[in-house]
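Visitor: the sequence isn't on hand, but the structure is:
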């Protein structure tokens, strides 16, 4: 029965087809019910398939199913082939579970929208694409899902298509992703040329015969770098992160599902999937670590000063994805995947909470400096958001704490000290920006303008129930994958790590030497404990600063922004990266294409030559037509002239 | 059905003759007859696709007869198809009825003449794809120009005469050189005839029949004609003008099928007959193809006119097809043939779409639109799928050909593949930008407030194409398998020539 796991993506697809074709004639209730049911069924089937998987011996946990041959040309053939192994199992559970609750939430959030059926058709289509991506058994089918989620992202960001900004954001997302996809496609091509197949299992088995490319420059290094370019696009890392903040133009459930919990983690998932390749390419791993660390801090700093509630969360997502890449880069694949899972819960929670706030403001207001004191009116949302914020900031014993802590510790253990410092600083920023958001939105005095004088109301049950569920999971999910330190304390085995173990097929790693830290001349014992302590202190610092700035000394942020106005504006303007891209890349290409390529070269040069040829011909004809005057005497003269000419030529 | 191909090829012509008997006061009868004739042709065209034998390497559904026999030369009526021409035949027969259906209300003047020309055009194109005698091929190649010339010149836009003359002069220039090439081939290795199969066999038996220089010149004579048709950069400037001025059906046939005659000719004649020249010139042609891909896309991006945008996008896409052919391996060539079909469908459909909004608003300028999705949601959905097909989204038809071509290119020359892959981004840029400016956003121009969504006829024009876009993206096997043996032959010819030349060099 578990062999029917390949049906999982197709259940939401059925929802798309029905809602897409007939949704206009169905009531909103039926449309919503269809959409939620299809995802719910997919979730149940996923659960069943994964349970079945756990009953198999660890090394046999690998189910494949081939539907049909998709493309075959000569030696090249690629199948519609699905693969269920622990890695994809984790992903389908997260995607369908979080996806289901976001669908439920959306039935409330979108209740007053005219394009209800269109929205749910797209949302279900996204589930199909995302599940195809994670269940794909070969590179090309993964690319199908990869582009598919990109398409759905395009459709849903641009959902409010009457707004120009939405259309712009959607287009930007698609195109920036496509830039990354060039890398992905070239990577896939090189995989094929190197391994003569695109099937994951065969490729990774053959990769086992490759040596670790210590000096870099080998084929695996090139492959992984190319693939990573794709991941950078999809998972919004430097330099291709620019689309994600703009993607907030989409409805909030979309931001939660696609641009926080699932799609943007596809790049991380892909790196994890290709771990046998990445772990044999140390140079790439180094690049991955640095890109991840840089992005984590960079995005977090921008998040410090933004005012739009969703944009803060968007930069937070970019930053957290950076953490996951740091984990991948230092070879801590389990830790990265663990953070992916916890992040899916708490970031979805934060987004849905933000959506609840936006609903309370009737979709009119997203500026947190014009909110405040909402916890009185929206107790459930406020509590859920508080839990989300605590989890993200890394409050001890919540899931985000365990997963982030594990990444930081693995970075140190692997000897990546500078990246560790970078992400450690980012952790401080994280705590600050999320508590700033929390305090400004839910606490303090209300700063709503007259337009929103009426007290805001708590959202309906359809929206608060998902908040509660996700909040519970944000707290609890961490206990399936406790870091060693806490595993000992709680006597809980790391189920997550054991489950994923068979997936990591890298070269055997030398066990890292136990790190003991000396502090003030004294050994503080276990290094992990020390690193954890530092993380907690950093998070605490961020929290206290936010508390001080936004609840106690409320004029300090104002003063500070004047004192450091240069820095402040640089952050507020997001380092002007978009403007730089515009002036350096987009505008020159546009101008050159229009003036040089089209007007000058195409119309001027090429067509100029063509038309000039035509004119010369016509001119020649006009001259020659004088010869054909129709007068016999003139012809006689020409004949005479010809005869003379020939005679002259002959007698020469 | 021994004369299946003959029937299929000439049924449209018979339809055109029948049209002359219908009084012009009965336009409905004229349209219906034209539609029936072309639909019948499509059904006939399906038969070879269904009954095609994938295992046979040679020509199928072959027919031979004497046409003109003189002491000095024989011109034969020799027709047949193989894996290269099969799907182009089907594509032609598929698009023509839709083109006729799309003209239903758009064309109100000289209806009888218009539909006759469309049918004659179809016979000409089908003839090109089935001909296996060089003179027969040449005759069809030229015959097809006349109806197209008239379609542009009579029912075209403001600059129609300029465009029609440009179109015909450009094409004639190439085909005249080809005629010289044909005559030369006939003299050297035709053994008294113009039969392509015989000439190919003779050349295969005695590769030295043509010296390398002769191959080179002959190749160029043929290639110029085909490259203009494709059109390969920098021979493309007739295309935007012809597209813009042609009536919708003309643009559809032009982009959908006529351009493929160029790449078809390259595959049918240039590669098997002059493999040495092909191998030697391929690197240069590939560079032109790459320039075409990028250049076409960049210029498409800045076009203010919808039809010009699609025209330049064709330059880009057809550049990809040429690249696929001249990387000279199996994936590249199969990808190229597949891409020809995909491009025929998606670009044909794009021109249909442009025609539909042109019929409503009588403008093709992008700035005159915006927000159409509010008033025409069905149109917007159809247009979206077609746009996505054009930018090569996986599971739609455009991706398969594009990926196979990239794969073939990558195996031949990695750098070229990387350059060609930039087309992926650029096509997304110009198509999505166009889509956004035309269909999304608020309705800013009052005239667009009262637009009607697609009527039933218009939906039936696009629905078959949408269906094929999906089918070809999902289930590629029936298409690719029928190309296999023919493409294998081409690849073997190339490989054989390579071996022969290395052997020759070693001997020396």
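Guide: Great, that's in hand. Just so it is clear, the structure is predicted and the values come from calculations on it, not from any experiment. Residues are numbered from 1 along each chain as shown, chains lettered A, B, ... in the order given.

Visitor: all contacts plus neighbour counts: C-alpha atoms, from now on.
Guide: Will do.

Visitor: any low-confidence regions in chain B?
Guide: Judged by pLDDT under 70, chain B has its weakly predicted residues at B:1, B:190, B:504-508.

Visitor: which ones are touching the residue in it that chain A sits nearest to?
Guide: Going by C-alpha to the nearest C-alpha, chain A is nearest to residue B:441 of chain B, at 4.1 Å. Applying C-alpha atoms under 8 Å, 6 or more residues apart in numbering or on different chains to residue B:441 gives the contacts A:161-164, A:167, B:370-371.

Visitor: next one: phi and psi at it?
Guide: With angles defined as degrees, to the nearest 10, residue B:441 sits at phi 80, psi -180.

Visitor: and the pLDDT for residue A:337?
Guide: Note for residue A:337: predicted pLDDT of 94.

Visitor: before we move on, back to that, which of the contacts of residue B:441 tops the neighbour count?
Guide: When neighbours are counted by other C-alpha atoms under 10 Å in any protein chain shown, residue A:167 leads the contacts of residue B:441 with 28 neighbours.

Visitor: that one: which element?
Guide: Counting by DSSP states H and E, the secondary-structure element that holds residue A:167 is helix A:164-195.

Visitor: do any residues in that helix lie close to chain B?
Guide: Yes: judged by C-alpha under 8 Å from any C-alpha of the partner chain, helix A:164-195 and chain B are in contact via A:164, A:167-168, A:171, A:174-175, A:178-179, A:182, A:186, A:189-190, A:193.

Visitor: go on, stretch A:219-234?
Guide: No: among the residues of stretch A:219-234, none lie within reach of chain B under C-alpha under 8 Å from any C-alpha; the closest is 11.0 Å away.

Visitor: how far is that stretch from where the chain is centred?
Guide: Distance of stretch A:219-234 from the chain centroid (C-alpha atoms, centre = their mean, to the nearest Å) equals 15 Å.

Visitor: now swap in stretch A:584-592 and tell me
Guide: On C-alpha atoms, centre = their mean, the centre of stretch A:584-592 falls 26 Å from the chain's centre.

Visitor: hmm, who's touching it?
Guide: When contacts are defined by C-alpha under 8 Å, 6+ apart, stretch A:584-592 is touched by residues B:301-302.

Visitor: which parts of the stretch 1-150 of chain A sit against chain B?
Guide: If contacts are counted using C-alpha under 8 Å from any C-alpha, the residues of the stretch 1-150 of chain A sitting beside chain B are A:69-74, A:76, A:143-144, A:147-148.

Visitor: list the contacts for residue 234?
Guide: Using chain A. For residue A:234, the set of contacting residues under the criterion of C-alpha under 8 Å, 6+ apart consists of A:177, A:180, A:263-267.

Visitor: switch to chain B, please.
Guide: Contacts were defined as C-alpha under 8 Å, 6+ apart; by that measure residue B:234 touches A:606, B:288, B:292.

Visitor: so which helix or strand takes in it?
Guide: Take DSSP H and E as the rule and residue B:234 turns out to sit in neither a helix nor a strand.

Visitor: ramachandran angles for it?
Guide: Backbone torsions of residue B:234, given as degrees, to the nearest 10, read phi -100, psi 30.

Visitor: likewise for residue A:446?
Guide: The phi and psi torsions at residue A:446 (degrees, to the nearest 10) take the values phi -80, psi 130.

Visitor: what number of residues lie near residue A:566?
Guide: Counted with other C-alpha under 10 Å, residues neighbouring residue A:566 total 11.

Visitor: and it, what's its pLDDT?
Guide: Among the per-residue scores, residue A:566 shows a pLDDT of 86.

Visitor: sorry, back to before: out of the residues of the stretch 1-150 of chain A next to chain B, which sit inside strands?
Guide: Restricting the residues of the stretch 1-150 of chain A next to chain B to those inside strands, with DSSP state E as the criterion, leaves A:69-73, A:76.

Visitor: ranking the residues you listed by neighbours, who comes first?
Guide: residue A:71 (24 neighbours).

Visitor: quick check: bridge partners of that one?
Guide: Note on residue A:71: beta-bridge partners residue A:78, judged by DSSP bridges.

Visitor: that one is in contact with residue B:478, isn't it?
Guide: No: in terms of C-alpha atoms under 8 Å, residue A:71 does not count as a neighbour of residue B:478; the distance is 10.1 Å.

Visitor: dump the residue contacts of residue A:220.
Guide: Residues touching residue A:220, when contacts are defined by C-alpha under 8 Å, 6+ apart, comprise A:213, A:277-278, A:280-281.

Visitor: out of the residues you listed, which sit inside helices?
Guide: Under the assignment DSSP state H, those contribute A:277-278 to helices.

Visitor: now the contacts of residue A:220 in CSV, with neighbour count, pLDDT and distance to chain B?
Guide: Formatted as CSV, the contacts of residue A:220 follow (neighbours: other C-alpha atoms under 10 Å in any protein chain shown; pLDDT from 0 to 100; distance: C-alpha to the nearest C-alpha, whole Å):
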residue, neighbour count, pLDDT, distance to chain B
A:213, 17, 78, 21
A:277, 27, 93, 20
A:278, 27, 92, 22
A:280, 25, 90, 23
A:281, 26, 91, 21
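
Visitor: dump the contacts of residue A:220 to TSV, plus distance to residue A:306.
Guide: Conversion of the contacts of residue A:220 to TSV gives the following (distance: C-alpha to C-alpha, whole Å):
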residue	distance to residue A:306
A:213	42
A:277	39
A:278	35
A:280	40
A:281	38
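
Visitor: of all the contacts of residue A:220, which comes closest to residue A:426?
Guide: Closest approach to residue A:426 among the contacts of residue A:220 (C-alpha to C-alpha): residue A:278, at 25.3 Å.
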